[in-house]
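Novice: I would like the atomic coordinates for the input below:
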Amino acid sequence: MLDKQWKKLQNGSDVRGVALEGIEGQPVNLTNDIASQIAKAFVCWLSDKLSKLPESIKIAVGCDSRISSKPLLDAVADAITSSGADVIDCGMASTPAMYMTLVTDGYCYDGSIMITASHLPFNRNGLKFFIKSGGLEHEDITEILQIAQDGNFPIFNKIGARTPLDFISVYAKGLCDKIIKATGEQKPLSGLKIIVDAGNGAGGFFASKVLEPLGADTTGSQFLNPDGNFPNHIPNPEDPDAMDSIRDAVLNSKADLGLIFDTDVDRVGAVDNMGREINRNRLIALISAIAIEEHPGTCIVTDSVTSSGLKIFIESLGGIHYRYRRGYKNVINKGIELNNSGTDCQVAIETSGHAALKENYFLDDGAYLAVKLIIKMAQLVKEGKQLSSIIESLQEPKEAGEFRLTINTEDFKPYGQKLIDELEQYAKSQQGWTIADDNREGIRVSFDKDGGDGWFLLRLSLHDPVIPINIESNIEGGLKTIANKLYDFVKQYDKLNLSALEKAI
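Specialist: Just a heads-up that it's a prediction; the model follows:
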């Protein structure tokens, strides 16, 4: 059984913690020593999983631009070599590239570790683990942390080797080759201006190693240099300030497309030549349209908060929309499960931008998704069209909001589930309330034009004592109408903090 201090380090299928001082009330709990213990535990776990002696195991290790990442990488590498296994030190890398070290011809290592905490603040860091079948699952991380906590590691006489490798260049060449093959040209991006905002994370390579070699003008790109203080904005395509920054850069430089990556490049957002965001529902619609054109009738798996307009858009193209639970691993695993059961699913994508494609190992890879957009863009330019033209018919809400209600009780899961069950019964008795029959998380209810012309989704957070509520409406004032209907029900629950919802009404 995990002690509290070790349990706090588990964040779903990742390890995450506080690696630096600097924020009050957030003491450091991911030290170099702790990371060493976890790395040794991974060697033991991998040795058992693969039925291989540690001395014959090779593990690739990389990191993002965080201040704490290089010291953690060194600690992890030393721990692995002291366990007898070899380390391939990839230095600055992206999370998807670290998976690709396991499946790229000529490399194909046994496991990999990425030191990153994605878009979280500068003081945070973490470890992501991969084997050839993909990222580890929640139960795998629990097992590794248990081994680390117990600390019963065998003593090895052999010290493994540590070999440097510029794998990000290998990975980038693979992306270039894909664009060249799809377009049939060596310089398919000549005449196009595509700029990158890396947010001082690990994504700056995309401008110099992918776009420029293919002929693109990247003048106007910004924040490409790694800087773990993140001095300009949070490297997060969901952050409004970050999206405003790339939008301004696109308009000021008159670019054809702007791309913005999160810290470790497993997510991407975009801005078209008119300064319009290609994010959330618009990003899902765009990759869905591309996938359905290439694979007619395919299924697109998304999380539960996608808009009603997106479902209509996907189905209008002949695709199938499968709404699933939030959490990018949940969405990806559902896509894999559907394929294994005989339903073709080419895309599994969460609204946050984690997008995994069947053709790319169901790996959530922001750079690969950007490549798919760029290929389509290069094809459309020859027809005198812009990338956004293929999602012109997407119906988007006039109003949208998310409201997070804190549950003020330690026993929050049963309390939240009771509320959802009772709301479902209540909704069945209300005129004009239509419960979605394809919802797989919480309860989703839609309303006609007289009732707000939209929908709400009320669910229980995966890990926190919070009930998130998403509301969308197609008319002005509709969000408030729907929020009032929901408030009339939830106001009876005295353990809920309703202040967020009250602001909407």
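Novice: Check what contacts stretch 299-306 and list those residues.
Specialist: 281, 284, 288, 291-292, 310, 314, 319-328, 330-331, 334-335, 338, 343-351, 402, 439-442, 444, 457, 459, 470 (Cβ atoms under 8 Å, 6 or more residues apart in numbering). No exception for glycine: its C-beta is placed from N, CA and C like everyone else's.
Novice: ok, 6 Å please
Specialist: With contact meaning Cβ atoms under 6 Å, 6 or more residues apart in numbering, stretch 299-306 is reached by 281, 284, 288, 314, 319-324, 326, 331, 334-335, 338, 343, 345, 347-351, 441, 457, 470.
Novice: Same question for stretch 452-462.
Specialist: Here stretch 452-462 has contacts from 304-305, 327, 416, 441-446, 467, 469-475, 478, 481-482, 486, using Cβ under 6 Å, 6+ apart.
Novice: Excluding sequence neighbours, find me the nearest residue to the residue nearest the centre of the chain.
Specialist: Most central in the chain under Cα atoms, centre = their mean is residue 354, positioned 3.1 Å from the mean C-alpha point. Closest residue in space to residue 354, ignoring its immediate chain neighbours: residue 328 at 3.6 Å, by Cβ to Cβ, 6 or more residues apart in numbering.
Novice: ok so, going back, now intersect the contacts of stretch 452-462 with the strands, please.
Specialist: 443, 444, 445, 446, 467, 469, 470, 471, 472, 473 (DSSP state E).
Novice: Let me have those residues in CSV, extended by pLDDT and neighbour count.
Specialist: CSV is the format used below for those (pLDDT from 0 to 100; neighbours: other Cβ atoms under 10 Å):
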residue, pLDDT, neighbour count
443, 97, 18
444, 97, 23
445, 98, 25
446, 97, 19
467, 97, 26
469, 97, 23
470, 97, 20
471, 97, 26
472, 97, 27
473, 98, 25
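Novice: quick check, nearest of those residues to residue 387?
Specialist: Checking the ones in strands among the contacts of stretch 452-462 against residue 387 with Cβ to Cβ, the nearest one is residue 472 at 24.3 Å.
Novice: my read: that closest one touches residue 396, true?
Specialist: No - judged on Cβ atoms under 6 Å, residue 472 makes no contact with residue 396 at a distance of 9.1 Å.
Novice: any idea of the mean pLDDT for the host helix or strand of residue 484?
Specialist: For residue 484, the host element (DSSP states H and E) is helix 478-490. Helix 478-490 comes out with an average pLDDT of 97.
Novice: Only the buried residues of it, if you could.
Specialist: Residues of helix 478-490 classed as buried: 478, 479, 480, 481, 482, 483, 485, 486, 487, 490 (neighbour count, 16 or more other Cβ atoms under 10 Å).
Novice: any idea how far the residue nearest to the centre of the chain lies from residue 284?
Specialist: For residue 354, the distance to residue 284 (Cβ to Cβ, to the nearest Å) stands at 11 Å.
Novice: What of residue 216?
Specialist: From residue 216 across to residue 284, the span is 25 Å (Cβ to Cβ).
Novice: One more: residue 433?
Specialist: 26 Å.
Novice: Report the contact partners of the nearest residue to residue 161 once chain neighbours are set aside.
Specialist: In space, and not counting its chain neighbours, residue 161 is closest to residue 86: 4.8 Å by Cβ to Cβ, 6+ apart. Shown in contact with residue 86 (Cβ under 6 Å, 6+ apart): 58, 160, 161.
Novice: So which of these is surrounded by the most neighbours?
Specialist: Counting neighbours by other Cβ atoms under 10 Å, residue 160 leads those with 22 neighbours.
Novice: so where does residue 379 fall, helix or strand?
Specialist: Residue 379 belongs to helix 366-381, assigned by DSSP H and E.
Novice: Distance from that helix to the middle of the chain?
Specialist: 19 Å (Cα atoms, centre = their mean, to the nearest Å).
Novice: Just the mean pLDDT for that helix, thanks.
Specialist: 98.
Novice: Can you name the residues in contact with the next helix or strand after it?
Specialist: Toward the C-terminus, helix 366-381 is succeeded by strand 399-406 as the next helix or strand (DSSP H and E). Outside strand 399-406, the residues within contact range by Cβ under 6 Å, 6+ apart are 466-473, 478-479, 496-497, 500-501.
Novice: try 7 Å
Specialist: If you take Cβ atoms under 7 Å, 6 or more residues apart in numbering as the criterion, strand 399-406 is touched by 465-473, 476, 478-479, 496-498, 500-501, 504.
Novice: again, but for stretch 141-152
Specialist: 2-3, 6, 9-10, 13-15, 37-38, 41-42, 44-45.
Novice: what ranges do the strands span in the stretch 101-250 of the chain?
Specialist: With DSSP state E, counting those that start in this stretch as the criterion, the stretch 101-250 of the chain has strands at 111-115, 124-131, 134-135, 162-164, 194-197.
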